[in-house]
Structure formats: C-alpha cells, structure tokens
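Engineer: Generate a structure from the sequence data that follows.
(one chain, ligands or ions: 1)
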Amino acid sequence: MRLVIAAVGRLKAGPERELARRYFDRIGQTGRGVGLDAPEVIELDESRARAAEQRKRDEAAALKAALDPKLAVFALDENGKHLSSEAFAADIGRRRDDGAAGLAFVIGGADGLAEEFLATADRKIAFGAMTWPHQIVRVLLAEQLYRAATILAGHPYHRS
Ligand SMILES: C[S@@+](CC[C@H](N)C(=O)[O-])C[C@H]1O[C@@H](n2cnc3c(N)ncnc32)[C@H](O)[C@@H]1O
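Structural biologist: Below you'll find the model as predicted:
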C-alpha cells in the first residue's frame, strides 16, 4: 500500500530532514514484509497571497491537484483526534487489508490547513493539542509510521 506524505513547505537540508529520511528508509525495510511501501514525499510551496485565508485556499487547491484521488486523506491537525500508536497502526493495517490504494498524510504550512480541506479529509489526526512546526510534525509522522510498521510486523521496537 502506498504511503504519501504531502506537505506545504519544504524541508531544508538539516537535522529534521535527515531524521525523517532515516525513518522513511526504515519503513521501506520493515514495511516490505507487511505490505507498506516506503513513503513518497510531495512538497508544495507556500502560497504568496497577502491574506492568510487566500493562502490557505491556494494551498488546499494545490494539495488537491497534487494528490492521487484514490488515496485516503489523513490530515494532520492539532484539532484532530488523539490516537494511540496501536490504534494508528490498526487503522493502517485495516485499510491495507481492505485493499486500499494508499494513504496520503497531509501537513499544512505556517497558516495551517484550510477548513474546507479539513472537512473533506477521511481522518484528522493530532499529535497532541499543542501546535508544532511543520518540520517537527514531519519527523513525528515518520516515526509513528515506522512504529506502525513495526507493530504490524510484530517487531519488538514498540513496547506497550
Ligand atoms: C505551524 S502548524 C500550523 C499552525 C496553526 N494551524 C495555526 O494556524 O496557527 C503547521 C502544520 O503542522 C501540523 N501540526 C501542527 N501541530 C500539530 C499537532 N499538534 N498535531 C497534528 N498536526 C500538527 C498541521 O498539519 C499544521 O497545519
């Protein structure tokens, strides 16, 4: 099953990019045995519109255009649902078993994701109630996807 990370904003060369890449590589290795592909990353430029609402609308349109409509959309949003790592892994496993084409995990830019985009997402997931910078969210997501792959594989990385 495809795993796509779509982000508004580019991750510059540096520690966050390196760490996310390290987890993506590990997902490629562990995921192979449990039917999960190595994540594909799509990075989109932030809109340069003057008004925040317009920037969010532009970014939502760019995300819609960039995402394969066959993918289920998991929006990362601080107002989303708090999930345990086991529940996150179980959801991914269920969708894989149901024959889903793939999942797109969407991270907003400095203004966040537009309400209209969030309203059409299949799931909204929060990594806690606090607001994180998109670079950190990408690393958190990479680690949780790796953890999910290890949970599905029965690998001892995750200890509950
Ligand atoms: C800097 S935050 C956006 C800021 C915030 N929405 C606002 O308008 O002040 C950038 C992106 O990181 C992700 N993000 C930040 N905190 C998060 C959290 N606690 N849980 C999940 N995603 C988060 C979301 O995708 C968000 O759109």
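
Engineer: Quick check: residues of the chain near the ligand?
Structural biologist: Residues of the chain lying close to the ligand by C-beta under 6 Å from any ligand atom are 76-78, 107-108, 110-113, 126-128, 130-134, 137. Glycine gets a C-beta too; all of them are placed from N, C-alpha and C.

Engineer: Could I get the phi/psi values of the closest residue to R138 other than its chain neighbours?
Structural biologist: Leaving aside its chain neighbours, R138 sits nearest to A20 (5.0 Å; criterion: C-beta to C-beta, 6 or more residues apart in numbering). A20 adopts backbone torsions of phi -60, psi -40, taken as degrees, to the nearest 10.

Engineer: mind exporting the helix or strand containing R138 as PDB, just the C-alpha atoms?
Structural biologist: With the criterion set as DSSP states H and E, the secondary-structure element containing R138 is helix 134-153. Extracted as PDB, the C-alpha positions of helix 134-153 are listed here (Å, rounded to 0.1, in the frame of the first residue of the first chain):
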ATOM      1  CA  HIS A 134       5.700  21.500  10.200                       C
ATOM      2  CA  GLN A 135       9.300  20.300  10.200                       C
ATOM      3  CA  ILE A 136       8.800  18.600  13.600                       C
ATOM      4  CA  VAL A 137       5.400  17.200  12.500                       C
ATOM      5  CA  ARG A 138       7.100  15.500   9.600                       C
ATOM      6  CA  VAL A 139       9.600  13.800  11.900                       C
ATOM      7  CA  LEU A 140       6.800  12.800  14.400                       C
ATOM      8  CA  LEU A 141       4.800  11.400  11.500                       C
ATOM      9  CA  ALA A 142       7.800   9.500  10.100                       C
ATOM     10  CA  GLU A 143       8.500   7.900  13.500                       C
ATOM     11  CA  GLN A 144       4.800   7.000  14.000                       C
ATOM     12  CA  LEU A 145       4.600   5.400  10.600                       C
ATOM     13  CA  TYR A 146       7.800   3.400  11.300                       C
ATOM     14  CA  ARG A 147       6.300   2.400  14.700                       C
ATOM     15  CA  ALA A 148       3.100   1.400  13.000                       C
ATOM     16  CA  ALA A 149       5.100  -0.800  10.500                       C
ATOM     17  CA  THR A 150       6.900  -2.500  13.500                       C
ATOM     18  CA  ILE A 151       3.600  -3.000  15.300                       C
ATOM     19  CA  LEU A 152       2.100  -4.700  12.200                       C
ATOM     20  CA  ALA A 153       5.200  -6.700  11.800                       C
END
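
Engineer: pLDDT of that helix, averaged?
Structural biologist: Mean per-residue pLDDT for helix 134-153: 97.
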